[in-house]
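>>> My questions are about this predicted structure, shown below with the sequence.
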Amino acid sequence: MTHFAVVIPLYNKRPHIERALNAVFAQTDPAAEIFVVDDASTDGGLDEVLRHRDARLRILRRAEPGPGGYAARNMAILRAQSEWIAFLDADDAWEPDHLAALRAAIARTQEPDRIACVFAGYSNVWPDGRKEPDRYTHRFGRKEERLLDFTDLLATWLDLEECPIWTSASAFRRQALIDAGLFPAGRCVRGGDKDLWLRVARNAPVVAAPGITAVYHRDATNMVTRRNTTDARHCLCDTITAMLRDAPEQARPLLRKLFNLEVYLYALYAAKERKVNPAFWRGFYAQDDPLRFLVLAGLSTHAGAFAARRLRAILHRAAG
């Protein structure tokens, strides 16, 4: 029997935490443990959690908030007794069959003891009420399990131009997280989830589960992507550079392309606010992607940053 510990980091999410907890309590296949790690919230969100009297619920507390909830998740992972860790952010939710679907996908895998991660599909729910499936589901569908080794995951990531594993729709073998070094607390202010997923997938295969069983609420308050600074180098850069030293031959060109993709997307995001610091894209493999290299060079000038903001404004008006 596969047992899950649910891990929910909490930092100033009072309007949403009740929805997340209710989603966990409503699972048709119950979790064995439920950890809520309060990251020094100041909005009364912890009070909402304390009202519950579920025997599985364990509340952990930290004295100061950590970017991305990385240290909070690490604390819960190390305290958990279950073999698998299912992540849920405090502003997201699950369908009632989420854990059942993940458990079934693990059981149907030919060698379940080999896999390190299972991830389901999710719905993006926008502030205007629109619902859209995640890119992986839209591109590949989710009728049956799909086993992905390291090169498969890299190729899929590049194809989608985003990591196919989304935190609140995923579960990881606890030992695989520990062996990979856990979340990069103190090293990353954002992007640390993807950094860990990449390190885990290098060591063992992952499985895409059938179905859409998680919900990404895009109207949440205090979102990490909105509050964390972009004035820092993407933490994936150092991870990928280290991996390239001993990566299998077939994975090396994919890792270089992933380095370029993540740096490029991060620079476009940063350019909304300021000129892009050239240190952001140090090490970019220009020979593999000369066009994006030229764009990055342009964004590192005041004129380039201004042009990026103008282009985004034009595209936003056209889409609206």
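Yep, that arrived.
>>> Adjacent strands (with direction) for the longest strand along the chain?
Secondary structure of the chain per DSSP state E: the longest strand is strand 206-217. Neighbouring strands of strand 206-217 in its sheet, by DSSP bridges, are strand 93-94 (antiparallel), strand 117-125 (parallel), strand 146-148 (antiparallel).
>>> Out of the ones you listed, the one nearest H3 is which?
strand 117-125 (13.7 Å; CB to CB). Glycine gets a C-beta too; all of them are placed from N, C-alpha and C.
>>> Only alpha carbons, please: show that closest one as CSV.
Output in CSV follows, covering the C-alpha atoms of strand 117-125 (Å, rounded to 0.1, in the frame of the first residue of the first chain):
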residue,chain,number,x,y,z
CYS,A,117,7.9,10.9,-9.0
VAL,A,118,4.3,10.8,-10.3
PHE,A,119,2.5,13.9,-11.6
ALA,A,120,-1.1,14.5,-12.7
GLY,A,121,-2.7,17.0,-14.9
TYR,A,122,-4.2,20.3,-13.6
SER,A,123,-6.6,23.0,-14.6
ASN,A,124,-5.6,26.6,-14.7
VAL,A,125,-8.4,28.7,-13.3
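>>> rewinding a little: out of the strands paired with strand 206-217, nearest to V295?
strand 117-125 (26.5 Å).
>>> residues contacting F259?
By CB atoms under 8 Å, 6 or more residues apart in numbering, F259 lies in contact with L236, C237, I240, T241, G283, F284, Y285.
>>> And T239, by the same measure?
Residues near T239 by CB under 8 Å, 6+ apart: D195, L198, R199.
>>> residue contacts, the second one?
Contacts were defined as CB under 8 Å, 6+ apart; by that measure L198 touches L236, T239, I240, M243.
>>> Can you name the element that comes right after the helix or strand hosting the second one?
Meaning T239. Using DSSP states H and E, T239 sits within helix 236-244. Using DSSP H and E, the helix or strand that follows helix 236-244 in sequence is helix 252-270.
>>> and D54, how many neighbours?
12 (other CB atoms under 10 Å).
>>> residue ranges for the helices of this structure, please.
14-25, 45-50, 70-79, 98-108, 135-140, 150-160, 174-179, 192-203, 224-227, 236-244, 252-270, 290-299, 302-319 (DSSP state H).
>>> E18: neighbour count?
Counted with other CB under 10 Å, the neighbours of E18 add up to 16.
>>> Leaving out chain neighbours, which residue sits closest to it?
E48 (5.4 Å; CB to CB, 6 or more residues apart in numbering).
>>> Can you verify my assumption that that neighbour contacts H16?
No. Using CB atoms under 8 Å, E48 makes no contact with H16, being 9.5 Å away.
>>> quick revisit: which ones are touching the residue nearest to E18?
Residues near E48 by CB under 8 Å, 6+ apart: R14, I17, E18, L21.
>>> how far away is the nearest residue to E161 once chain neighbours are set aside from T239?
Leaving aside its sequence neighbours, E161 sits nearest to L261 (CB to CB, 6+ apart; 6.3 Å). To T239, L261 is 14 Å away according to CB to CB, to the nearest Å.
>>> do the same with A86
24 Å.
>>> what do you get for D159?
20 Å.
>>> again, but for K143
Relative to T239, and taking CB to CB, K143 is found at 33 Å.
>>> again, but for N124
Separation of N124 from T239 (CB to CB): 27 Å.
>>> how about low-confidence regions in the protein?
221-231, 302-320 (pLDDT under 70).
>>> L236: how many residues sit nearby?
23.
>>> how close does it get to W197?
For L236, the distance to W197 - CB to CB - is 10 Å.
>>> if we can go back for a sec, quick one: which of the contacts of L198 is nearest to N74?
Of all the contacts of L198, N74 sits closest to T239, with 16.5 Å by CB to CB.
>>> burial count for the nearest residue to T241 once chain neighbours are set aside?
The spatially closest residue to T241, leaving aside those adjacent along the chain, is G283, at 6.5 Å (CB to CB, 6+ apart). For G283, the neighbour count with other CB under 10 Å is 15.
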